[in-house]
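> The following block contains a protein sequence and its predicted model.
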Amino acid sequence: MRICGKCGESNETKFYPTGRWCRVCQREAVRDGRYRKLGVSRDEYLAVLHGQHGGCEICGAQEKPVAGTQRGLHLDHNHVTGKRRGILCARCNQLLGRSNESVELLQSIIDYIQRYRMK
């Protein structure tokens, strides 16, 4: 029987084959590492998310649990200044990136959609 080096849990089925921590602790460590990479704590991230009613700041999409983890939302930042902005879903985050954050291009897209909108 293996014991998790972090939480003390002792259930063999909850470990990765070569890990010293149980699956839950390993996932938390990976997730916390992602927050550190973004320069925020998990609590800071959750506070921003709560301020956005738990979803994407642009479209409101909610995080979707995947295999016991929360995925789908990303902390957006200005690529020039590095300043953090809001939390976005993958779709809205990619839309900003693919448009190179060009207000003119995004406005042209809006104009195009409105021009061909079914009436």
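It's in. These figures come from a predicted structure and were not determined experimentally.
> what's the helix or strand residue 112 falls within in contact with?
For residue 112, the host element (DSSP states H and E) is helix 103-115. The contact list for helix 103-115 (Cβ atoms under 8 Å, 6 or more residues apart in numbering) reads residue 99. C-beta here means a position set from N, CA and C on the backbone, and glycine is covered the same way.
> what's the following helix or strand after the helix or strand bottoming out on mean pLDDT in the chain?
Lowest mean confidence among the helices and strands of the chain (mean pLDDT, DSSP states H and E): strand 69-71, at a mean of 51. Remark: after strand 69-71, the chain's next helix or strand is strand 73-77, criterion DSSP H and E.
> Who does that following strand pair with, and is each partner parallel or antiparallel?
strand 84-89 (antiparallel) (DSSP bridges).
> can you tell me the average pLDDT over the strand it pairs with?
Strand 84-89 carries an average pLDDT of 90.
> May I see the buried residues of that strand?
For strand 84-89, burial by neighbour count (16 or more other Cβ atoms under 10 Å) applies to 84, 86-89.
> remind me which residues of the chain are low pLDDT?
Along the chain, segments meeting pLDDT under 70 span 11-13, 17, 64-71, 119.
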